[in-house]
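Peer 1: I would like to see how this sequence folds:
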Amino acid sequence: MKEKGMRIDLLKLLIYILKRSWILIICAIIGFGAMYYYTSFCQNDTYTTSGTMYVYNANPNAVNYQYANASDLDSAVRLVDTYKVVVNSHKVLDAVAERLSAAYPGITSGYISRTISMSSVAETGVLAVSCTTDNAKLSADICNAVLDAAPAEIIRVVSAGSIEIIDYAGVPVFPDDRNPIRKGILGALALAVLAGGILVLCFLLNRKVNDSKELEDNFTPPVLASILREKKENKDPTAFLLNEKSPMEVIEGYAKLRMNLLFTLSGKKNNVVVVTSALPGEGKSTVASNLAISCAMSGKSVLLIDCDLRRASQRKIFNYSRRSQGVSEAVIGTADWRDCLVDTDWEELKLLPAGQFPPNPAELLSSPAMAKLLEEAGQSFDLVVADAPPVNVVSDPLVLSTAAAGCIFVTRQGFSDHREIRKALIAAEMTDMDVLGFVFYGETLERGYYYSKRKYYKNYYHAYDNRNKAEETNGRTEKK
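Peer 2: Numbering: from 1, shown residues only. Here you go, the predicted structure:
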């Protein structure tokens, strides 16, 4: 059975991020607050001052700024870039450091290089030298020392005619504007973008099945039904059993599974269905028991066989005796399978327990005696549902392939893994097990636009729920 290739759904990615937009908002608030606090209270005041100088070019082909065209201005800007390199050279910076060493012991050319910046003024030959430090006088002294030391080196390297200092730097009176709001906004954007990137990465690395459409898009077998998994505080397995008081949407989910399954079984070699999953914990035993109950409630005779000869999950759900004989005894020949049947609360539903745990479950399930048991059961009941262990854990469900019409894979929302499902499908294909379809079992099922809000969805079922109408009618009768 070939599966379709995995694709990145940009719409799902957008929805995934939007559903977690609160994370982005919180990160933005934290980023804004952190940068605002750091800028306002932790960052030292800085002082910036600047001076300018103008370079006269001795080259006859140099730019005449009085009659400059666009090409000349480009040349001028490139010359200014050259001046910047010269000013940042070790020769200039070492001369500046030596000049300031008496007033500022320990000052280095590396420190000076980090504090100064240069730019052209309005794309002309005027070079502006700026210096920023946490000391106002130091900023002015460094800037002026650069203005005094740079001309000689620029003239030597660039062969300029002369250099004129236009303005020396003055000592700034006020510190630079920290602008904590602007930096806070930058911090908010940076942290929000980082959080968004992490969310995208989590989405790409997430291989869990989140909705039934993922099964339809990525795998060949159809989705027979999407069934709502009730959220119950009571973890007792019996609390998940289908009954007349179950929510209407749960009952209808199993009814849809029942109808699609019976339609799929038409034309198959028998009426034996194996219910399994890729891994434990996906809800296969609950789905198997409720599928059997749903079919029994519709009037069909159903046999539920606990084929898990290692854990016997149906024992916890139906509370039958631990010593009850079942599949193990029937296969080895110490009991007749008909004598091992257990009655349930549903007249049309019988249960065949797993029996005592054997040392060789796979061998028993693959034996001719097991095939005969399933054949006889299929002739005695309208439907036989076999609850089998997970495919990727043991080979037990696969050995039933020759005796069953096919299997149903139960996938649980937010739990089942695409890679494990693919592995299970490959194993089923290798043993010629016919995969009839998937059952998507989840707490939050995707619905259409009109029913996207839960209150509308419940109101929709309430209108078609005869149980509610009967209770309302009885209530009015009692009042009268």
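Peer 1: Tell me how many other residues crowd the closest residue to V384 other than its chain neighbours.
Peer 2: Nearest non-adjacent residue to V384, counting by C-beta to C-beta, 6 or more residues apart in numbering: V272, 4.4 Å away. To be clear about C-beta, it is placed using only N, CA and C from the backbone, and glycine gets the same treatment. Applying other C-beta atoms under 10 Å, we find 26 residues neighbouring V272.
Peer 1: For V272, give me its contacts.
Peer 2: L374, A377, G378, V384, A386, A403, A404, A405 (C-beta atoms under 8 Å, 6 or more residues apart in numbering).
Peer 1: now the third one, nearest residue through space, not along the chain?
Peer 2: In other words, G378. Nearest non-adjacent residue to G378, counting by C-beta to C-beta, 6+ apart: N270, 4.6 Å away.
Peer 1: Does the one you found touch E376 like I think?
Peer 2: No - at 10.8 Å, N270 does not count as touching E376 under the criterion of C-beta atoms under 8 Å.
Peer 1: Got the domain ranges for the chain?
Peer 2: Domain assignment for the chain, taken from automatic domain parsing, gives 10-42+178-205, 47-167, 212-446.
Peer 1: how close does the residue lying closest to F240 once chain neighbours are set aside get to L303?
Peer 2: Closest residue to F240 apart from its sequence neighbours, by C-beta to C-beta, 6+ apart: T286 at 4.9 Å. Between T286 and L303 the computed distance is 18 Å (C-beta to C-beta, to the nearest Å).
Peer 1: Ok, I293 next?
Peer 2: According to C-beta to C-beta, I293 stands 12 Å off from L303.
Peer 1: Could you pull out the residues contacting both of those two?
Peer 2: The contact sets of I293 and L303 overlap at L349 (C-beta under 8 Å, 6+ apart).
Peer 1: can you give me the helices for the stretch 301-450 of the chain?
Peer 2: 313-318, 327-332, 361-365, 368-380, 418-430 (DSSP state H, counting those that start in this stretch).
Peer 1: how far out from the middle of the chain is stretch 285-299?
Peer 2: How far stretch 285-299 lies from its chain's middle: 34 Å, per C-alpha atoms, centre = their mean, to the nearest Å.
Peer 1: again with stretch 300-309
Peer 2: For stretch 300-309, the distance to the chain centre is 37 Å (C-alpha atoms, centre = their mean).
Peer 1: buried sites along that stretch?
Peer 2: Neighbour-count burial for stretch 300-309 flags K300, V302, L303, L304, I305, D306, C307, D308, L309 (criterion: 16 or more other C-beta atoms under 10 Å).
Peer 1: Just name the closest of those residues to Y16, please.
Peer 2: D308 (35.4 Å; C-beta to C-beta).
Peer 1: could you measure the residue nearest to the spatial centre of the chain against I15, distance?
Peer 2: By C-alpha atoms, centre = their mean, the chain has its centre lying nearest to F203, at 2.9 Å. From F203 across to I15, the span is 10 Å (C-beta to C-beta).
Peer 1: can you check D176 too?
Peer 2: Distance of D176 to I15, given as C-beta to C-beta: 44 Å.
Peer 1: What of V171?
Peer 2: The gap separating V171 from I15 is 58 Å, by C-beta to C-beta.
Peer 1: what does P368 give?
Peer 2: Noted for P368: a distance of 52 Å to I15, by C-beta to C-beta.
Peer 1: Looking at these two, which one has more neighbours?
Peer 2: I15 (13 against 9).
Peer 1: Can you list phi and psi of that one for me?
Peer 2: Main-chain torsions, I15, degrees, to the nearest 10: phi -60, psi -40.
Peer 1: from here on, count from 695
Peer 2: Shifting the count to begin at 695 puts that one at I709.
Peer 1: Quick check on the residue nearest to F934: phi, psi?
Peer 2: Main-chain dihedrals, T980, degrees, to the nearest 10: phi -70, psi -40.
Peer 1: can I assume it is in contact with I1011?
Peer 2: Yes - using C-beta under 8 Å, T980 is in contact with I1011, at 7.2 Å.
Peer 1: what packs against the helix ranked longest in the chain?
Peer 2: Taking DSSP state H as the criterion, the chain has its longest helix at helix 874-899. Applying 3 or more C-beta pairs under 8 Å, 6 or more residues apart in numbering; DSSP states H and E, one finds that helix 874-899 contacts helix 704-713, helix 715-731.
Peer 1: Does anything pack onto the helix or strand just after that helix? Which helices or strands?
Peer 2: For helix 874-899, the succeeding helix or strand toward the C-terminus, using DSSP states H and E, is helix 906-912. Judged by 3+ C-beta pairs under 8 Å, 6+ apart, helix 906-912 is in contact with strand 917-922, helix 1112-1124, strand 1129-1136.
Peer 1: try 10 Å
Peer 2: Packed against helix 906-912 by the contact rule (3 or more C-beta pairs under 10 Å, 6 or more residues apart in numbering; DSSP states H and E) you find helix 704-713, strand 917-922, strand 1100-1106, helix 1112-1124, strand 1129-1136.
Peer 1: Identify whichever of these lies nearest to C721.
Peer 2: Closest of those to C721 is helix 704-713, at 12.4 Å (criterion: C-beta to C-beta).
Peer 1: relative to helix 874-899, how tilted is the closest one?
Peer 2: If you take axes from the mean of the first three to the mean of the last three C-alpha atoms, to 10 degrees, helix 704-713 sits at 130 degrees to helix 874-899.
Peer 1: Quick one: distance of helix 704-713 to the chain centre.
Peer 2: Worked out by C-alpha atoms, centre = their mean, helix 704-713 lies 9 Å from the chain centre.
Peer 1: what helices or strands is it leaning on?
Peer 2: Against helix 704-713 (3+ C-beta pairs under 10 Å, 6+ apart) you get helix 715-731, helix 874-899, helix 906-912.
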